Every structure is written in structure tokens, then in C-alpha cells.
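In: return a 3D structure for these sequence lines:
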Amino acid sequence: MNTQQEETIVDETPNVQQPGTLLKQKREALGLSQKQVADRLRLRVAIIRNIEDNQFDSDLVATFTRGYLRSYAKAVGLSAAEVVEAYELHYVIEPQEQKMQSFSKKTKRDQHDSRIMLITWVIVLVIIGMSSLWWWQNNQHNNLTSSSERSSLITEQTNPQSSSADPILDQLPTVSDLTVGNEVSAVEQAEEEEAAVNDSRVEPILEAEPSITPAITENTLVNADESNLLSMTFSADCWIQVKDATGKTLSTGVKKAGQSINVRGETPISVILGAPEGVSVTFASEPVDLSGYTSGRVARFTLP
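Out: Numbering: from 1, shown residues only. Below is the predicted model of the structure:
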């Protein structure tokens with residue numbers, strides 16, 4: 001059964017030319033030389049030759065190869081998607097388990113959907129129960145409020161004389177209220193006079209005090225800013241990837257010749273350079289030595 005499935009997969013694979021062959025045919029049709037294409041892309045002729053011979057470096061990250069193929073395709077007017085698709089068809093190995101286990105994945109997906117439906121029903125039932133409880137409590141509260149209002153109305157009707165006399169008594173000031181009012185006015189006046197005297201004494205003292213501002217030296221700020229500063233200057237096109245200690249991507253993609261970038265992040269910072277010979281790197285204002293990396297090879301290192 002497995003042999004038959006493998007034969008079917010092989011038979012269904014379309015007859016697509018390799019990416020290097022497609023690019024070479026298009027270049028020759030345009031009458032361009034390998035050196036002209038290399039100069040246009042700012043790459044070495046050896047890289048163009050290896051691409052056309054379909055000799056892709058196994059140590060080179062697949063992302064780098066796709067980037068070179070896209071740039072070459074755009075330079076000669078080919079569809080970048082078509083060239084990358086041809087590369088993936090011939091050189092990118094897809095896991096066979098994903099094709100052989102479709103039924104198992106469907107079963108797991110159905111089980112997952114069933115669990116989601118069960119959780120949904122439980123949530124709906126909880127909402128209905130809480131709504132019913134809220135309605136019952138609200139109804140009980142309304143009944144208690146109505147009973148209290150009826151009791152208050154009966155009490156007011158049985159004591160009409162007492163309720164009518166209360167407003168008149170409330171309006172009459174007592175002797176103690178008048179005495180307290182006079183005392184409060186006298187105290188407030190004395191406090192205002194004392195506050196005025198204190199303000200006149202304190203203001204000259206406050207004006208005479210010099211303002212004290214904490215001084216922060218310029219060197220401290222510069223050192224804090226440059227302690228994790230990574231700078232790159234590119235003399236040739238190069239694909240890069242820079243991540244900090246938290247796994248955050250600070251910069252990635254193909255950088256053009258003449259371009260410069262400055263990034264900061266949590267140390268240590270991991271760096272990948274597709275063409276280290278075309279990059280100058282400084283970290284914390286100190287140059288990073290890249291002479292130990294072979295030309296045409298990927299450079300991987302960590303700073304500091």
C-alpha cells in the first residue's frame with residue numbers, strides 16, 4: 001500500500017525545470033553575460049555560476065537561496081514566484097508524514113470540534129442559570145421594596161400632626177446654634193490673620209533658596225545609550241538576521257550596498273550574515289573583527 005502511494009506521488013510530480021536552468025535560459029535570451037548579471041545584482045560571478053548550474057550550498061540557509069533566486073529572477077524579468085516554486089519542488093524536502101496522516105488529523109480535528117461544542121453548551125447553560133437567578137433576586141427585591149413603601153405610607157397616615165409640625169421646628173434656630181456660629185466665625189478670622197503673617201515670613205526664605213537639580217553627566221548618557229548599540233554598514237548586498245536575548249527580531253532581510261543600520265536589544269545579541277565580506281560591524285562603539293569568516297560562507301556569531 002505504501003509503495004503504491006509513493007509511486008502515485010512520483011507520477012503526479014509535474015515536469016518542471018530546475019530554477020538555475022530557467023534563469024540561465026532567460027539570461028541567454030536577453031543576451032546578457034554572467035558578469036553583467038552579477039554586476040547588476042552586486043554579487044560575485046561565482047554565485048551566479050553556481051545558481052545556473054543548480055549547485056546550491058547545503059550550508060547556506062534556504063532563506064538566503066530564495067533571496068538570491070528572487071533577485072536574479074527580477075533582474076532578467078522572470079516571475080520570482082515561479083523560480084522559487086521550482087527550487088522548492090526540486091530541493092526542499094516535504095515531510096511525508098503530513099501526507100500519510102491526513103485521516104488522523106481529520107479525526108483529531110473532529111474531536112477538537114466536539115470538545116469546543118461541549119464547552120459552548122456548558123457556557124450557554126451557565127449564562128441561562130445566572131440570568132434566571134438574577135431575575136428571581138430582582139423580583140424578590142421589588143417585592144420587599146413594595147412592602148416597605150406600603151408600611152411607610154401607613155405610618156405617615158397615622159401620625160399627620162407629628163409630620164406637619166416637624167418642618168416648623170426644623171426652621172427655628174436654637175440658642176446653641178447661634179453661639180456656635182459666632183465662635184466659629186471668630187476662630188476662622190483669627191486663623192486667616194495668622195496664615196497671612198506666616199506667608200509673609202515664609203516667602204522671602206523660599207525665594208532665597210537656590211534650586212537644586214540633579215546633574216547627570218553627558219558621559220553617563222552616552223555610555224548607557226551605546227552599551228548595547230549594534231551598527232552595520234554594507235559595502236555589498238547581504239541578507240542578515242539579528243535577534244536579541246529575548247528572541248525578538250531586531251532586523252532581517254536583504255540590505256543594499258551603501259545602507260547602514262543601528263539597532264539595540266537585550267544582550268547577548270545573535271547575528272547571521274549571508275555575505276560577511278561586505279559588512280562592517282561595530283558593537284558598543286568597538287569594531288567587530290570578521291576576517292576569520294570565509295568569503296561566500298554564512299557567518300554566525302553572538303555579541304558580546
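In: gap between residue 26 and residue 46?
Out: 20 Å (CB to CB, to the nearest Å). Quick note: C-beta positions are derived from backbone N, CA and C, even for glycine.
In: more neighbours, these two?
Out: More neighbours surround residue 26 than the other of residue 26 and residue 46, with 17 against 12 (other CB atoms under 10 Å).
In: sticking with that one, tell me its helix or strand.
Out: Here residue 26 sits within helix 19-30, counting by DSSP states H and E.
In: how about that helix: buried residues?
Out: 19, 20, 22, 23, 24, 26, 27 (16 or more other CB atoms under 10 Å).
In: show me what it is packed against.
Out: In terms of contacts (3 or more CB pairs under 8 Å, 6 or more residues apart in numbering; DSSP states H and E), helix 19-30 is packed against helix 45-52, helix 62-76, helix 80-91.
In: right, and those - which one's nearest residue 260?
Out: With CB to CB as the criterion, residue 260 lies closest to helix 62-76 of the helices and strands packed on helix 19-30, at 19.8 Å.
In: for the strand or helix carrying residue 144, name the packing helices and strands.
Out: Using DSSP H and E, the element containing residue 144 is helix 102-158. Packing partners of helix 102-158 (3+ CB pairs under 8 Å, 6+ apart): none among the helices and strands.
In: let me see the mean pLDDT of it.
Out: For helix 102-158, mean pLDDT is 82.
In: do stretch 289-303 as well
Out: 88.
In: ok, back up a step: nearest to residue 53 among the buried residues of helix 19-30?
Out: residue 20 (6.0 Å).
In: which ones are touching the residue lying closest to that closest one once chain neighbours are set aside?
Out: Spatial nearest neighbour of residue 20, chain neighbours left out: residue 54 (3.9 Å); criterion: CB to CB, 6 or more residues apart in numbering. Shown in contact with residue 54 (CB atoms under 8 Å, 6 or more residues apart in numbering): 18, 19, 20, 21, 90.
In: hang on, the second one packs against residue 87?
Out: The reference is to residue 19. Yes - in this structure, residue 19 is within contact of residue 87 by CB atoms under 8 Å, at 4.4 Å.
In: any common contacting residues for those two?
Out: Joint contacts of residue 19 and residue 87 (CB under 8 Å, 6+ apart) are residue 69.
In: mind checking the SS state of residue 266?
Out: coil (DSSP: H, G, I helix; E, B strand; the rest coil).
In: circling back to that earlier point, relative to helix 62-76, how tilted is the helix holding residue 26?
Out: 20 degrees (axes from the mean of the first three to the mean of the last three CA atoms, to 10 degrees).
In: which residues touch helix 19-30?
Out: 34, 37, 51-55, 69, 72-73, 76-78, 82-84, 86-87, 90.
In: next, the angle from it to helix 80-91.
Out: 140 degrees.
In: now helix 19-30 - C-alpha only, CSV.
Out: Only the C-alpha atoms of helix 19-30 are listed here, as CSV (Å, rounded to 0.1, in the frame of the first residue of the first chain):
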residue,chain,number,x,y,z
PRO,A,19,15.5,27.1,-11.2
GLY,A,20,19.1,27.6,-12.4
THR,A,21,18.1,26.3,-15.9
LEU,A,22,15.2,28.7,-16.1
LEU,A,23,17.3,31.7,-15.1
LYS,A,24,20.2,30.7,-17.5
GLN,A,25,17.8,30.4,-20.5
LYS,A,26,16.3,33.8,-19.8
ARG,A,27,19.7,35.4,-19.4
GLU,A,28,20.9,34.0,-22.7
ALA,A,29,17.7,35.0,-24.4
LEU,A,30,18.3,38.6,-23.3
